[in-house]
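> okay, here's the prediction I keep looking at, along with the sequence it came from:
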Amino acid sequence: MAINDEQWTIIRRLFSKTFLTSFHYAVATVNADGAPHVAPIGSLILRDNGKGFFFEEYLGATARNLQRDKRICVLAVHTSRWLLLKSLLLGRFVSPPAIRLAGSVGEKREAMPEELALFHRRVGRYHFLKGYDLLWSRLRYVRDVTFDTALPVRVGAMTSGLWPEGGSLPESAG
C-alpha cells in the first residue's frame, strides 16, 4: 500500500518532532523464534516518499534479525509534555501524536558521504560534547528502508481528523 505525498509530509514532520523530544524511534524486528524484538534507533532518516535509511553500528540483535527477516516496524511518538498538556486542555490533539511505519530493509552497505552529512547535520549541535565522537564519529554502514504501510496511532476523538481522509492510512486501534 503506497503512502501518498500529503501523508508522507505529515509523517516526516512528526518524525522530526519525535526526534527532538525523544532522540530515537522504537524499531521492531522478529527474533528467530518468532518473538518480537524492539530497540531504540536514533539514526533513522526519512527521505523521499516511503523511503529512508538508518545506520547499523549499534543494533546487535536487531541487525541479526534483519539478516534473516527484512521486515521492520517503526514507532515514532511525539513525547512533548507541552503537546500532551495542550491536547488535554483542548480535548484533542492539534497534531498527530504518533505513527507506526511498516516495511522492509535492504542489505547492509557502506554509507554514502551525503548520508553521513545528513545525519551529522541532525546531531551537529552536540559536536562539542565528549559523547559525540564516541557515538557518531565512526558511523560506516547503513540499511535502506522502504515503508509500504503507515498506521496512525489513534486515540478516539482526541485524534479525529488529523490524517488526510480517503488516503491509504487505515484505521488503527492504537
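Thanks, I have it. Residues are numbered from 1 along each chain as shown.
> confirm that Arg125 sits in a strand.
No. Secondary structure of Arg125, determined by DSSP: H, G, I helix; E, B strand; the rest coil: helix, with no strand assignment.
> now do the contacts for it.
Taking CB atoms under 8 Å, 6 or more residues apart in numbering, we find Arg125 in contact with no residue. Placement of C-beta: from N, CA and C, glycine included.
> do that again at 10 Å, thanks
Contacts for Arg125 (CB atoms under 10 Å, 6 or more residues apart in numbering) come out as Tyr132.
> from Tyr132, how far out is it?
Computed as CB to CB, to the nearest Å, the Arg125 to Tyr132 distance reads 9 Å.
> count of residues packed around Lys86?
If you count neighbours by other CB atoms under 10 Å, Lys86 ends up with 14.
> hang on, it packs against Val94?
Yes. Taking CB atoms under 10 Å as the definition, Lys86 is a contact partner of Val94 at 6.6 Å.
> please point out which parts of the biggest helix by length in the chain sit buried.
Ordering each helix of the chain by length in residues (DSSP state H) puts helix 5-22 first. Buried residues in helix 5-22, counted by 16 or more other CB atoms under 10 Å: Gln7, Trp8, Ile10, Ile11, Arg12, Leu14, Phe15, Lys17, Thr18, Phe19, Ser22.
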